[in-house]
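**Q** How does the following fold in three dimensions:
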Amino acid sequence: MTQLYLDHSQPLETRVRDLIARFTLEEKLALLPTRQAAVERLGVPAYRVGGEAAHGVAWKGVATVFPQPIGLSSTWNKELLREIGSVIGDEARSYHRSEPETHGLTLWAPTVDMERNPLWGRTEEAYGEDPHLTGKLAASLARGMQGDHPFYLKMVATLKHFFANNNEVGRLDGSSSVTPRNMREYYLEAFRIPFEEGGALSMMTAYNSINGTPAIESPYVQRFVKDEWKMDGFIVCDGGDLSQTVNFHKYHDSHAESVAGALLAGVDSLTDDPELVISAAREALERRLIGEEDVDRALVNVFRIRFRLGQFDPEEQNPYARIPESTLCAPEHAELARRAAEQSVVLLKNDGLLPLRSADVSGAAVVGPTADAVWTDWYSGTLPYRVSILDGVRAKLDVNDPAAGSAAGEGPADGFAAGGAAGERSRRIGAAGTVREANEAVAGFDEAQRWLRVRAAYGGPEAPGGTQPGGSGAAAADAASALHAASTVNAASAASAVRYVEGSDTVRLRDAADGGVWAVQPGTDGVLALRGAAYAQPDGAADTRSGSAQERQGDPAAAPRADAEGRSDASLFELTRWGWGQHTLQAHANGRFVSAQDDKPLSASADKIGGWFVKELFDLHEGSGGELTLRQWNGLPIGRFAGESAQSAGAGSAGLTPQDSADSLSAADNPPASPSPDPPALEAPDPPTSLTAEPASPAAEPPFPAAGPASPSPNPSASPTTRPAPTLRAAEPDSEDAAAKLHLETVRSGIEQAAEAARQSDVAIVCVGNSPYVNGKEEIDRPSLRLPPSQEELIRAVHAANPRTVVVIVGSYPFALGDLAELVPAIVYTAHGGQEMGTAIADVLFGDAAPAGRLSMTWYRSEADLAPMTDYDIIGSGQTYQYFAGDVLYPFGHGLTYTPFRYGTPKLNGNTFGEGDVVTVEIELTNAGTADSEEVPQLYVHAAQSRVKRPLKQLKGFERVHIAAGHTATVNFELPVRELAFWDVTRDKFCVESGTYTLMIGASSADIRAQADFAVEGETVPPRNLYVPVRAENFDESDNVLLDEGEHGETAVRTADPTSPGELWFREVDLTRGLAGWTLRVRNGGTAGRVELRLGDADGKLLGVEDIAGAREGEWSTLAGQKEPGGRDAKTSDDPAAGLTVDRPVDLHVRLHGSIRLGELTLLPAAE
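**A** As a prediction, this is how the structure comes out:
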């Protein structure tokens, strides 16, 4: 007989509860971690909750990579996001079909954190500063990811990180202070919409505390997500957060208490070490902190989803189970990636320079650090191919040279439009039938492309790889052959049409002690060792690699060559200055980045900049004598270690990457910070399916044949008096004297070369921006809004050489451009745009695509315009376009087009509306130009009068519409009147106020083209009733206060700086019943404190003073003029204004002194 839980004709809840009832207690505990154990006796397979899908399936192998979420938000296109979500779901199914127990379907995306401050290090991961835009786009993405079947799910979208998570510094132990209005109107709205409208079925809690309570245990999880929004999926905690509640927040003394707190708060699945979770849950049960029913409730929520994923039903029942592995990276997915990249491009400024016309451009200078780079971020998937801006421009000018260019970036970019490497990779993936075949098909490509690039840029061996262990050399040689066959390289045409300069300086590092130079040693994995007459050198050390990218582009005078002393390209490095003390060094010898790997010598061994700890970054300190010292990623000085053989020293691979098989987390969203050198491996994944993933070995083989012997041996021709060459590695902390002293020799100025290329060209395209791993990432907030100073200098120099300069900003966040915004005639912005970024940018620059992207964040003029990173009160401190009243560089919603649009007069379906009505708005848009284009009309509202401070403008609708030249389209909006509500703290409810509202429609929040007024018959907020208990958090205004944990899951108010008073204002208070006294619910923080009550403001009439010294430290007490129920003695308020009666509403001012918490306030009426 079929077990009840296997009978798909039965109701879902019946099946789920039948299965849960069959588990033993130990089996239940083993299902609480995100790495869920198998229960073989019941046919329950092992399953992994989690995985990443921020802009494509990640950490598994090749997959379609879309623009970063901040770029997707610039599309303002809900339907596009639904399509992208569907592709993510399809490709997640492809991987799940290949290895179901390894590749789960409950992936962690999208991120819907509100980005109120552009200095946040993780800005790239979310959808901007507005909850309506974020909510609508995330809802569409979630619908696409999960599919449209009434029962079965393609996959599950997990909204993260709940909530008020917008700063990296202090995120593991800090608390976000969020007032009720900010919470309800701003932070929660971005989650509510995707739950209620998008049907998202999972959510991740944040690391931070909210009002003093760790988010993993916040009462808001159950109160809002499950009870109010009726989400019937499951909730998971962030990676390692169970441990962090004890270790960082210090909220509990034991993990058992942490497990209990999380389960009771509504968290259902715990992302931490499985053994820790199981043992802590067992202890929590033994201590009766929780009951078995609490475990059951969590498992019901998780298995409700696993059933809907079809794990317990025949495959023919589930339409998504039949999605084939061959769906991975399908051609239509690549086309969607191209459309997404194109629609995310924002034209910030255009004084008539754009669009360019290919026929009118005989020569273009493409310069800058992002010109030939297609960078990924921590949550990116593995690119199936990459098209850089340089590739896109070359394709427009009929030049296909996918191998040429500097060694900048993450491996060479490919000319997809003209065939090239991208086309060859795509063909191989398309011919694959399985996930493994797709990854095997492109094995060796990254290595081969790096070889092509290094050979073109600096010279090099005639073939890649050689015969290296593991067969990587053979795969690279095969790939190189295919690349040559797929490409038509025309160096002369490249030199005449496109001049590429990365813009970094070529330098040597000379040892200040004896004048030797630091160089990459042949026969090693890129180890840097000192060259000089006093030191033994390996065979081949004098080998020269002459030539450069510039030499191959017609500028041989600029090419560094070996000198008479035999110093070759092995001693040359590209120095990139990222600003704020961050530098990278890329070796000419092999095209790899210099990396600091634990206790090993520095080596040019990293294929790219990246990792959880970015070990390719160095800080250059200049001493009083002009010498430089280096500090590595963790601040340790780099010292010179004499007498160490470079060959035997070895070297590490690149920094920790998402696919490292030993050190990364497969099921942790964010590996927690740790005092140890590497983040703890909470769940070490199996080796990645992708054979093109970053090397797992700590000593990856070099991609080029060694110039000397493979085995370590001294140079036989060396003098008997020579000694092994010194190497560089980290010295002990605080050992500044041990730091190696260096002189930096600039062999070639990248900025000068860029300016010269611009002078020789019809137009200059300067590509700047950020690396997703430098000066802003998870755990690191940005130091500034500015571009790196070196990039600003590059722009100025190029523009001075050629005023026809376009600046293309490739960035994960907004920038402050200063006078550069006025200097150059055209500025284009894109986020890191995935595999088709270069195609999209080139199409926009040359007019083959009309730009219509819009900013999802305000671009401020400087960080002086920003509130502190930890200030979450957007209303009080005037943050985001809703409340910021100052002048900005580019407003929220800004984006230009190549054609003018004319807005008609909006037509409303009435003049006066009630609370339950819907305002319908119709407006005509006319393309008044000569080019087809898209436009993004945006609907904003403003309350003309209100009891409270309301937004200057508030987005309530948007559409992206295509309108042919000379044509007119009608755009319709619907605005439910209930969306005009604000959170009324006087009554703990949403309130739609009566009054006049202004409806505004425009091309941005500042470019309003049409508007109309309408009336609403709603409520008038009555005078405030403080004769009933009122939570102190429900003040109207405040100064120098924070919200912290109160009693019984509620919130209390305390001073932010106890050395100064905290101020609260309660506006329009009803005192018509007089005032005989009050009661205060307070907690003594350990120092003397008091509460003052006044009429009006801080200088108003004193009503009384409450001394808190009598309250016991750490306990809550009621201070009142009467006995509290239960008979506790209380202090009588000293009230010089007792018996006061006021016949109109007045303001009440409350001043807090000392480290007290005020939880509740009640006024006592005079005797009646």
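
**Q** Spatially nearest residue to L6 (excluding sequence neighbours)?
**A** Spatially, and ignoring its direct neighbours in sequence, L6 is nearest to F312 (6.0 Å; CB to CB, 6 or more residues apart in numbering). Quick note: C-beta positions are derived from backbone N, CA and C, even for glycine.

**Q** Quickly note the distance from that neighbour to A38.
**A** Applying CB to CB, to the nearest Å, the value for F312 to A38 is 13 Å.

**Q** between the two, which one's more packed in?
**A** Using other CB atoms under 10 Å as the criterion, F312 and A38 rank with F312 on top: 22 against 15.

**Q** Was I right to think the more buried one contacts Y5?
**A** Yes: if you go by CB atoms under 8 Å, F312 and Y5 touch, sitting 6.5 Å apart.

**Q** residues shared between the contacts of these two?
**A** Counting by CB atoms under 8 Å, 6 or more residues apart in numbering, the shared contacts of F312 and Y5 are 15, 19.

**Q** beta partners for T584?
**A** Beta-bridge partners for T584, by DSSP bridges, are T576.

**Q** Show the pLDDT at it.
**A** You'll see T584 listed with a pLDDT of 98.

**Q** what residue ranges in the stretch 401-550 of the chain are flagged as low confidence?
**A** 401-425, 443-496, 533-550 (pLDDT under 70).

**Q** Spatially nearest residue to P118, not counting backbone neighbours?
**A** In space, P118 is closest to P814, 4.5 Å off (CB to CB, 6+ apart).

**Q** What's the mean pLDDT across stretch 860-872?
**A** Mean per-residue pLDDT for stretch 860-872: 97.

**Q** Now do the buried residues in that stretch.
**A** 860-861, 865-867, 869-872 (16 or more other CB atoms under 10 Å).

**Q** Check stretch 131-149 too.
**A** Neighbour-count burial for stretch 131-149 flags 131-147 (criterion: 16+ other CB under 10 Å).

**Q** Among the residues you listed, name the ones in helices.
**A** Taking DSSP state H, the ones among the buried residues of stretch 131-149 that sit in helices are 131-146.

**Q** Pick the one among those closest to P1029.
**A** P131 (30.5 Å; CB to CB).

**Q** Helix or strand, whichever it is, which one in this structure has the lowest mean pLDDT?
**A** In the chain, the helix or strand scored least confidently by mean pLDDT, DSSP states H and E is helix 646-649, which has a mean of 44.

**Q** what's whichever strand or helix holds A519 packed up against?
**A** Element membership for A519, per DSSP states H and E: strand 517-520. Counting contacts by 3 or more CB pairs under 8 Å, 6 or more residues apart in numbering; DSSP states H and E, strand 517-520 packs against strand 505-511, strand 528-531.

**Q** which strands and helices sit next to the first one?
**A** Contacts defined by 3+ CB pairs under 8 Å, 6+ apart place strand 505-511 against strand 517-520, strand 573-579, strand 742-748, helix 750-759.

**Q** Helices along the stretch 201-350 of the chain, start to end?
**A** 219-220, 241-247, 255-265, 274-286, 292-308, 331-343 (DSSP state H, counting those that start in this stretch).

**Q** any chance of the ones you listed in TSV, with mean neighbour count and mean pLDDT too?
**A** Below are those laid out as TSV (neighbours: other CB atoms under 10 Å; pLDDT from 0 to 100):
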stretch	mean neighbour count	mean pLDDT
helix 219-220	20	98
helix 241-247	24	97
helix 255-265	24	98
helix 274-286	19	99
helix 292-308	20	99
helix 331-343	22	98
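
**Q** Show me the one of those helices that comes nearest V985.
**A** Taking CB to CB, helix 219-220 is the member of these nearest to V985, at 16.3 Å.

**Q** Can you list the neighbours in contact with that closest one?
**A** Counting by CB under 8 Å, 6+ apart, 162-163, 183, 210, 213, 265, 1049 sit against helix 219-220.

**Q** go again using 7 Å as the cut-off
**A** By CB atoms under 7 Å, 6 or more residues apart in numbering, the residues outside helix 219-220 that reach it are 210, 265, 1049.

**Q** any low-confidence regions in this structure?
**A** Checking the chain against pLDDT under 70 turns up 1, 399-425, 443-496, 533-568, 643-723, 733-737, 1109-1113, 1121-1141, 1168.

**Q** Pop the domain breakdown of it in here.
**A** 25-321, 900-1017, 1030-1164 (automatic domain parsing).

**Q** Dump the helices of the stretch 201-350 of the chain to a markdown table, plus distance to E1037.
**A** Putting the helices of the stretch 201-350 of the chain into a markdown table (distance: least, CB to CB, whole Å) gives the following:
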| stretch | distance to E1037 |
| --- | --- |
| helix 219-220 | 23 |
| helix 241-247 | 33 |
| helix 255-265 | 31 |
| helix 274-286 | 42 |
| helix 292-308 | 40 |
| helix 331-343 | 42 |
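
**Q** Let me know which of those is the nearest to I84.
**A** Closest of those to I84 is helix 331-343, at 6.2 Å (criterion: CB to CB).

**Q** tell me which strands and helices that closest one is in contact with?
**A** When contacts are defined as 3 or more CB pairs under 7 Å, 6 or more residues apart in numbering; DSSP states H and E, helix 331-343 packs onto helix 78-98, helix 837-845.

**Q** 8 Å instead, please
**A** Contacts defined by 3+ CB pairs under 8 Å, 6+ apart place helix 331-343 against helix 69-73, helix 78-98, helix 420-431, helix 837-845.

**Q** Export the ones you listed as JSON lines, with columns for mean neighbour count and distance to L728.
**A** Shown next, in JSON lines, are these (neighbours: other CB atoms under 10 Å; distance: least, CB to CB, whole Å):
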{"stretch": "helix 69-73", "mean neighbour count": "30", "distance to L728": "37"}
{"stretch": "helix 78-98", "mean neighbour count": "23", "distance to L728": "41"}
{"stretch": "helix 420-431", "mean neighbour count": "22", "distance to L728": "35"}
{"stretch": "helix 837-845", "mean neighbour count": "29", "distance to L728": "35"}
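
**Q** Let me have those in CSV, extended by distance to E1033.
**A** Below are the helices and strands packed on helix 331-343 laid out as CSV (distance: least, CB to CB, whole Å):
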stretch, distance to E1033
helix 69-73, 31
helix 78-98, 35
helix 420-431, 55
helix 837-845, 45
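
**Q** just to revisit the earlier point, kindly indicate which of the ones in helices among the buried residues of stretch 131-149 lies nearest E189.
**A** Ranked by distance to E189 (CB to CB), those are led by P131 at 3.8 Å.

**Q** I'd like to know how far G581 sits from Q632.
**A** 12 Å.

**Q** meant to ask about E27
**A** 47 Å.

**Q** and what of Y872?
**A** The gap separating Y872 from Q632 is 34 Å, by CB to CB.
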